[in-house]
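*Asks:* sequence first, predicted model second:
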Amino acid sequence: MSTTSLPQRAGSAFLNTILLGMLGFLLLPILFVIPLSLSAGEFFIYPMPGLSLRWYEAFFSDRAWISSLWSSIVVATSTMVLATVLGTLAAIGFWQSRSRLGMVILVVLVSPLIIPVVVVAIALFFFYARLGFANSMWSLVMGHTAIALPLVVLTVAATLQTYNPNLTRAAASLGASPVRAFFDVMLPLIAPGVATGALLAFAMSFDECVLSLFLGSPEQRTLPRQLFSGLRESITPVVAVAATLIIVLASALLLASLLLKARAERLRGESP
Amino acid sequence: MAAGLAQAATPPGQETTAATSARQPSHQGVTGAFAANDDLRRRLRRIDRLREAKALALTLPALLFLIVALIAPLVFFMSRAADNADLTDHLPRTSQAMAGWDGDGLPPEDIQRILVDELSGIAGTPGLAVLARRLNYQEPGYRSLIQKTANGLRAGGSGTAAERLTAIDARWAEPSIWQTLRQESGRWTSFFMLAAIDLKKDTAGAIASAPPERAIYQRVFARTFIASLSVTLICLVLGYATAYALLRLRTGLGRIALLVILISLWTSLLVRTLAWIIILQKNGVLNSALMGAGIVDEPVQFIRTWFAVILAMVHLLLPLMILPILAVMRGIPPSYMRAAQSLGAAPFRAFWSVYLPLTYPGIGAGVVLVATTSLGFFITPELLGGPEHQMISYFVAFFTNMSVNWGLASALGVWLFVITIAMFAGVAKGFGIARIKP
């Protein structure tokens, strides 16, 4: 074709190399973790002396790990429910609002995203310690919910941009109460966005480590907190077991969110 | 619905929606024809206001929650950075009396007597330890001075207040401790905020540098800032190239590439840090590979180096840079580049003056995300770095947990917060991220 085709092909090869390199850089380190959980040896190194499930056995027979897994699930689920309800309501309110005040409220609701997490952690620690419940699970749930709220608000607000307000008006003109119109018409259509927000909130809480260093019950540490002490104190392959479980769960959540996204796109295609 | 009605009701040529007309009262003369119209407009305005109130009411639960769960604690936390209660609560009368002293030489006998009374009053109570610790922050050595003096006064003695104090410790005959007490006699203090950036007030009240052996935080702030900046720049270059390369792929391959980026993003920060420990430790994957290839003879120390900290941080934050840039690139029609080239621009020039500016909002969003997150990094430097790689977050945590200096912890936190907000505002303004749709 033209004279640019050779440089173009060279450029293209160059870009592909970069892409491949970056994808490898992002993915490979994570893949090194999983096999170590199956190591038969005592140490956290390659090559492994053999394969065994002994560290899985160690994980599931250790009360500290099991209870940390359980409290992580409880904290993340509570965070998810609280953040999803509050965040969805707020996003709908913002979507309906036409005043400048609505915009200001949105900025306030999203602000936790840029506050350094260690500042949040210590601020909550001082405050809740004075109120006397820094050592309860609820302090952690409240902290996580505050951080997860922006994720839900932004996701639902983005989904609402594709929602046609005439549908709610049509429901109202047919006699539906606002609550009924919400549950029967609007919610089914924005459900993928709400669910994605909920998943993000759950994943954030399940991963979060800095807040749980300062807040939460010392007897019932969360999984990331337990993993953190495991990494600092004695690294055995049982740490890799915990990490593998977290990877599996995160992948499941990611898969769910992708399916939800595909569903949302399908719904958008169908609605007028 | 109200908006639609209002539009129908507004006279032609007046392009106000109900929402804007609610804000801008019209100043038209009231003729008969407009009177009915005005009544209608008023009613519509009321409906609109009600609608707006209902909308805002929906945001109320979240807002109230955030105030209780985050904003109130943050305000309380920030106030701690200037709180002087540890001193004024335990020496209330002395602090009050100090305000009336001119600070010249030694304070008069009556002020010294008040201090003697108050110190002997709190001797043996937990309050003394708090006070002594607080004064020790001002000047190392004051802890023992205060404790020794309080215990000595309690043991009894005779003479004027000045004589009794000087008999216990000669430092009471020097102006410096008195000037410190005078300077810190207020309910609020700038001491911690200044100390957090290696400054202090000298005896004359002017701001001066702390002695070099105690000046560490400016270096830590600089280190935090440089690390954050390097990570952001590396992520920007790598992320931009990755996003650009990904964009050209066929749909199927593009999806797989995107999936890899998302997996990385969704994998726990702690797990990814653990991965780098496996790779970089002494008998880790990288050292085995290097030794296997005969490049080095003995293991290289990677852990506890800047290399490890920066590498891991780039790995952790790269997805946050790629995704917003990719989202913006997806919205740029390829025809723009072709148009530039057909007008005679060389490929590089077309990229530089057409494509790149169009991606600024994505760059801005990515830079904000990576820069603000990396400024507050805590876990990764703690696990992969040594003492000389710890960032400001580490010291905030340190002064909260290990050495209980909550004033300094709060002050460092406030500075970190201020820097983060400033960085956010600067980048947001520079790149115009407000233009990105959510």
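*Replies:* Everything's here; your move. Residues are numbered from 1 along each chain as shown, chains lettered A, B, ... in the order given.

*Asks:* and the helices in chain A, which stretches?
*Replies:* A:5-36, A:54-61, A:63-96, A:100-110, A:117-131, A:137-160, A:165-173, A:178-181, A:187-207, A:210-214, A:223-232, A:237-270 (DSSP state H).

*Asks:* reformat these as a markdown table; add distance to chain B and mean pLDDT.
*Replies:* In short, each C-beta sits where N, CA and C put it, glycine included. Output for the helices of chain A, formatted as a markdown table (distance: least, C-beta to the nearest C-beta, whole Å; pLDDT from 0 to 100):
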| stretch | distance to chain B | mean pLDDT |
| --- | --- | --- |
| helix A:5-36 | 4 | 87 |
| helix A:54-61 | 14 | 88 |
| helix A:63-96 | 3 | 93 |
| helix A:100-110 | 5 | 88 |
| helix A:117-131 | 3 | 90 |
| helix A:137-160 | 4 | 91 |
| helix A:165-173 | 6 | 91 |
| helix A:178-181 | 9 | 89 |
| helix A:187-207 | 4 | 90 |
| helix A:210-214 | 6 | 89 |
| helix A:223-232 | 5 | 88 |
| helix A:237-270 | 4 | 85 |
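
*Asks:* right, and these - which one's nearest residue B:184?
*Replies:* Judged by C-beta to C-beta, the one of these that comes nearest to residue B:184 is helix A:117-131, at 21.4 Å.

*Asks:* residue contacts, residue B:179?
*Replies:* Counting by C-beta atoms under 8 Å, 6 or more residues apart in numbering or on different chains, residue B:179 touches B:103, B:203.

*Asks:* picking that back up, got the helices of chain A as JSON lines, with distance to residue B:425 and mean neighbour count columns?
*Replies:* Below are those laid out as JSON lines (distance: least, C-beta to C-beta, whole Å; neighbours: other C-beta atoms under 10 Å in any protein chain shown):
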{"stretch": "helix A:5-36", "distance to residue B:425": "30", "mean neighbour count": "15"}
{"stretch": "helix A:54-61", "distance to residue B:425": "46", "mean neighbour count": "16"}
{"stretch": "helix A:63-96", "distance to residue B:425": "22", "mean neighbour count": "21"}
{"stretch": "helix A:100-110", "distance to residue B:425": "12", "mean neighbour count": "16"}
{"stretch": "helix A:117-131", "distance to residue B:425": "17", "mean neighbour count": "22"}
{"stretch": "helix A:137-160", "distance to residue B:425": "17", "mean neighbour count": "25"}
{"stretch": "helix A:165-173", "distance to residue B:425": "33", "mean neighbour count": "14"}
{"stretch": "helix A:178-181", "distance to residue B:425": "38", "mean neighbour count": "13"}
{"stretch": "helix A:187-207", "distance to residue B:425": "24", "mean neighbour count": "22"}
{"stretch": "helix A:210-214", "distance to residue B:425": "24", "mean neighbour count": "25"}
{"stretch": "helix A:223-232", "distance to residue B:425": "31", "mean neighbour count": "22"}
{"stretch": "helix A:237-270", "distance to residue B:425": "31", "mean neighbour count": "18"}
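
*Asks:* I'd like the ones you listed as CSV, with distance to residue B:337 appended.
*Replies:* Shown next, in CSV, are the helices of chain A (distance: least, C-beta to C-beta, whole Å):
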stretch, distance to residue B:337
helix A:5-36, 12
helix A:54-61, 53
helix A:63-96, 35
helix A:100-110, 33
helix A:117-131, 40
helix A:137-160, 28
helix A:165-173, 37
helix A:178-181, 46
helix A:187-207, 32
helix A:210-214, 43
helix A:223-232, 44
helix A:237-270, 27
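
*Asks:* compare the ones you listed and give me the one nearest residue B:412.
*Replies:* helix A:117-131 (9.3 Å).

*Asks:* roughly how far does the residue of the stretch 51-200 of chain B found nearest chain A sit from residue A:234?
*Replies:* As assessed by C-beta to the nearest C-beta, chain A sits closest to residue B:58 within the stretch 51-200 of chain B, at 2.9 Å. Distance of residue B:58 to residue A:234, computed by C-beta to C-beta, to the nearest Å: 50 Å.

*Asks:* higher neighbour count, those two?
*Replies:* Remark: of residue B:58 and residue A:234, residue B:58 carries more neighbours, 19 against 10, as counted by other C-beta atoms under 10 Å in any protein chain shown.

*Asks:* which residues does that one contact?
*Replies:* A:89-90, A:92-93, A:96.

*Asks:* mind checking the SS state of residue B:104?
*Replies:* Three-state call for residue B:104 (DSSP: H, G, I helix; E, B strand; the rest coil): coil.

*Asks:* what ranges do the strands span in chain B?
*Replies:* Counting by DSSP state E, chain B has strands at residues B:199-201, B:207-209.

*Asks:* mean neighbour count, the ones you listed: which tops it?
*Replies:* Most buried of the strands of chain B, by mean neighbour count (mean count of other C-beta atoms under 10 Å in any protein chain shown): strand B:199-201, with a mean of 18.

*Asks:* direction included, what does that one pair up with?
*Replies:* strand B:207-209 (antiparallel) (DSSP bridges).

*Asks:* how about residues contacting the partner strand?
*Replies:* Residues from elsewhere that reach strand B:207-209, judged by C-beta under 8 Å, 6+ apart: B:194, B:198-202, B:215.

*Asks:* which non-adjacent residue is nearest residue B:340?
*Replies:* In space, residue B:340 comes closest to residue B:350 once its chain neighbours are excluded; the distance is 3.8 Å by C-beta to C-beta, 6 or more residues apart in numbering or on different chains.

*Asks:* wait, doesn't that neighbour sit right on residue B:341?
*Replies:* Yes. Contact criterion C-beta atoms under 8 Å: residue B:350 and residue B:341 qualify, at 5.1 Å.

*Asks:* more crowded one of the two?
*Replies:* Taking other C-beta under 10 Å, residue B:350 and residue B:341 do not tie; residue B:350 has more neighbours (20 against 16).

*Asks:* list the contacts for that one?
*Replies:* Counting by C-beta under 8 Å, 6+ apart, residue B:350 has contacts B:337, B:340-341.

*Asks:* phi, psi of residue B:385?
*Replies:* Torsion angles at residue B:385 (phi, psi; degrees, to the nearest 10) stand at phi -110, psi 170.

*Asks:* residue B:423: neighbouring residues, count only.
*Replies:* Counted with other C-beta under 10 Å, residue B:423 comes out at 20.

*Asks:* next: residue B:53.
*Replies:* Using other C-beta under 10 Å, residue B:53 has 11 other residues around it.

*Asks:* measure it to residue B:60 for me?
*Replies:* From residue B:53 over to residue B:60 (counting by C-beta to C-beta), the distance is 10 Å.
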